[in-house]
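Undergrad: turn this into a model:
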Amino acid sequence: MLSPPDRKKWSEAEFAAIFADLDNITIAAPNGQMEGAAGSSFYTAPLTVTGTDKNGRPVRLEGEAVLRRVNDVDGATPALLRWHFQSLTLDWTH
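TA: Alright, predicted model coming up:
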């Protein structure tokens, strides 16, 4: 689901490692906003990821996700019609 630029930033293993030692993970993406532009739809939402680390301490990451999909246009492949991350920012807050 990561966009090509985000795949360059994080390998699949590095992205998985962010969450590997977390338990009880919850993800909240409230109050997102939908926009359309030039044949694509974008959904931007604040993200909060919470969980506990392997020692039971609380973990919190915050950021923003921008999801994108191509609208139903002639020639759009199934892959383009699926939602994927256009961008993803996550920062440890503690």
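
Undergrad: where does the residue of the chain most remote from its centre sit: helix, strand or coil?
TA: For the chain, the residue at maximal distance from the C-alpha centroid (C-alpha atoms, centre = their mean) is Asp74, at 27.1 Å. Here Asp74 is recorded as coil under DSSP: H, G, I helix; E, B strand; the rest coil.

Undergrad: contact partners for it?
TA: Residues near Asp74 by C-beta atoms under 8 Å, 6 or more residues apart in numbering: none. Quick note: C-beta positions are derived from backbone N, CA and C, even for glycine.

Undergrad: distance check, it against Leu81.
TA: According to C-beta to C-beta, to the nearest Å, Asp74 stands 12 Å off from Leu81.

Undergrad: could you pull out the helices for this structure?
TA: 4-9, 12-20, 78-81 (DSSP state H).

Undergrad: out of the ones you listed, nearest to Val66?
TA: helix 4-9 (10.3 Å; C-beta to C-beta).

Undergrad: which stretches of this structure have low pLDDT?
TA: Residue ranges of the chain with pLDDT under 70: 1-6, 94.

Undergrad: redo that, cut-off 90
TA: Within the chain, the segments meeting pLDDT under 90 span 1-19, 21, 30, 37-39, 72-80, 84-94.

Undergrad: now the strands: where do they sit in it?
TA: Assigned by DSSP state E, the strands in the chain fall at 23-28, 33-37, 40-52, 58-70, 84-92.

Undergrad: ok, which of those comes nearest Glu12?
TA: Relative to Glu12, the nearest member of those by C-beta to C-beta is strand 84-92, separated by 13.1 Å.

Undergrad: quick one: buried residues of that closest one?
TA: For strand 84-92, the neighbour count (16 or more other C-beta atoms under 10 Å) marks 86-88, 90 as buried.

Undergrad: quick check, nearest of the residues you listed to Gln33?
TA: Gln86 (13.4 Å).
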